[in-house]
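**Q** Got a sequence here, can you build the structure:
(chains A and B)
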Amino acid sequence: MRKLLNTLYVSTEGAYLRRDGLNVVVEVERVEKLRVPLHLLGSVAVFGQVSLSPALMGSLAEAGIVTAFFGTNGRFLARVEGPVSGNVLLRREQYRVMDDGPDCTRIARAIVAAKSLNQRSVLQRALRDHGSALTDAARDAVIAAIDRMQDIARRALHETDLDRLRGHEGEAAALYFGVFGHALRVTDPALAFRGRSRRPPMDVPNALLSFLYTLLVHDCRGALEGVGLDPAAGFLHRMRPGRPSLALDLMEELRAPLADRLALSMLNRRELVAGDFRIMENGAVLLAEDSRKTVLTAWQERKREEIEHPFLKERTSLGLLPHLQASLLARALRGDLDTYPALIWR
Amino acid sequence: MLILVSYDVEVTSPGGARRLRRIARACKDYGQRVQFSVFEIEVAPDQWVLLRARLVGEMDPVRDSLRFYFLGSGGRRRIEHLGAKPVVDLDAPLIV
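**A** A predicted model of the protein is given here:
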């Protein structure tokens, strides 16, 4: 099993990262804050006004460590990475499958079905944990959504048309986010969920979800590059310049277990409160700078939790799931597996 | 796996200061300095082969000594630290 390499997050304004031997050194106002050997890192993520020396960027790229730059609010800006690696034959197969209807749909439907089932289990979990605290109407709505999502997943598995499959996905998402607010136990109206909104997120749960999705897509992208797949050429998501379509595909099945659950538990356990968010003039809600560290810490801790992989039957950490799924996807494209076994959370 | 590397280099001998510097440099590249001549190093077996060869190549076996303590993968749990010079857990979330 490969080791879960750490991610270095730097979000202190004015931090400077430089190379010293085989170490990354983080300085803030000329004071050394942290020194990490390169071989322990899988990626570096920097937020806001943080700079890196060219020598460090070169060493990171050479060591296969991806550096990603994010804006102060967590929006992805740019990546620096080394030479394209991996197998050209695998990538050719990826493009072929993308253009070929049946093979493409086969992979996409595994993803859509898994995504709906994973969203469904988030709702089931909420119902188990605090269903009794919900009003009758809310509980009925959640139960109805759970039933219909199961049905959508079943239909998705037999869908042969890619566009209709995307329709199923949208339907499941609408059902899920229609009742997602009931999974929140906090009563503070400032933390209420008012339907999925993004660019910009208009309430606290959306702001948190968007931030976590940004982190997840970064991990998925790195995982795909790690196995030599092109993160821009997706099956479910249409290609568009600049969009990491395949990373978004890979992320679909992982959103609910990795990001949504973490968002819910952080709010439900009051690890984040209304004061951790800022409301902008246009109504957009953003995670405050200091609170980003709370979320980053929780995200890293969550990635260290272990589970048994449902398909591989091996113990693994949640943080390795994007890497394992990416390698399963590569095996499916090579023909070593009949189809892509998308991750279905128990 | 976690390895504790400690060394004694005879700096008064010819080239001693240079050997000390280069041994420290090698340890620093892969691990964390926890005391003056003591490093905690978390490496994969293949990386250890490289580092070990580098250390052995730098030392003078007649004058210097190197000690490697193999603490295994759960080694961090067997360490207790008191007092100054706090150590960073490089496995924990790295957030600055």
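**Q** make it CA atoms for all contacts and neighbour counts henceforth
**A** Will do.
**Q** Can you name the residues bridging to the residue nearest to the spatial centre of chain B?
**A** Central residue of chain B (C-alpha atoms, centre = their mean): residue B:39, 3.2 Å from the mean position. Assessed by DSSP bridges, residue B:39 has beta-bridge partners residue B:5, residue B:33.
**Q** what does residue A:306 give?
**A** Note on residue A:306: beta-bridge partners residue A:317, judged by DSSP bridges.
**Q** so it makes contact with residue A:320?
**A** No - Residue A:306 is beyond contact range of residue A:320, at 9.6 Å (criterion: C-alpha atoms under 8 Å).
**Q** And these two? Which one has more around it.
**A** Taking neighbours as other C-alpha atoms under 10 Å in any protein chain shown, residue A:306 and residue A:320 compare with residue A:320 leading, 21 against 13.
**Q** Kindly provide the distance from that one to chain B.
**A** As judged by C-alpha to the nearest C-alpha, to the nearest Å, residue A:320 and chain B stand 15 Å apart.
**Q** That residue against residue A:6, yeah?
**A** No - with contact defined as C-alpha under 8 Å, residue A:320 does not reach residue A:6; the gap is 10.8 Å.
**Q** Not counting its own residues, what contacts stretch B:20-31?
**A** Here stretch B:20-31 makes contact (C-alpha atoms under 8 Å, 6 or more residues apart in numbering or on different chains) with A:21-23, A:36-39, B:5, B:9, B:11, B:33, B:37, B:39-43, B:51, B:54-55, B:58-59.
**Q** Filter the residues you listed down to the ones in helices?
**A** B:51, B:54-55, B:58 (DSSP state H).
**Q** The helix or strand hosting residue A:206 close to chain B?
**A** Per DSSP states H and E: residue A:206 is located in helix A:204-227. No - Helix A:204-227 lies apart from chain B when judged by C-alpha under 8 Å from any C-alpha of the partner chain; the minimum separation is 13.7 Å.
**Q** who does that helix touch, helix- and strand-wise?
**A** Secondary-structure packing of helix A:204-227 (3 or more C-alpha pairs under 8 Å, 6 or more residues apart in numbering or on different chains; DSSP states H and E): helix A:245-254, helix A:261-268, strand A:285-287, helix A:321-334.
**Q** From chain B, how far off is the residue most central in space within chain A?
**A** Centroid check for chain A by C-alpha atoms, centre = their mean gives residue A:216 as the closest residue, at 2.4 Å. From residue A:216 across to chain B, the span is 15 Å (C-alpha to the nearest C-alpha).
**Q** tell me the contacts of that residue?
**A** Residue A:216 touches A:251, A:255, A:259, counting by C-alpha under 8 Å, 6+ apart.
**Q** Mind jotting down where the helices sit in chain A?
**A** Assigned by DSSP H, chain A shows helices spanning A:54-62, A:88-99, A:101-130, A:136-157, A:162-179, A:204-227, A:245-254, A:261-268, A:289-304, A:321-334.
**Q** tell me what the third one is packed against?
**A** To tie it back to what came earlier, the one meant is helix A:101-130. With contacts taken as 3+ C-alpha pairs under 8 Å, 6+ apart, helix A:101-130 sits against helix A:88-99, helix A:136-157, helix A:162-179, helix A:245-254.
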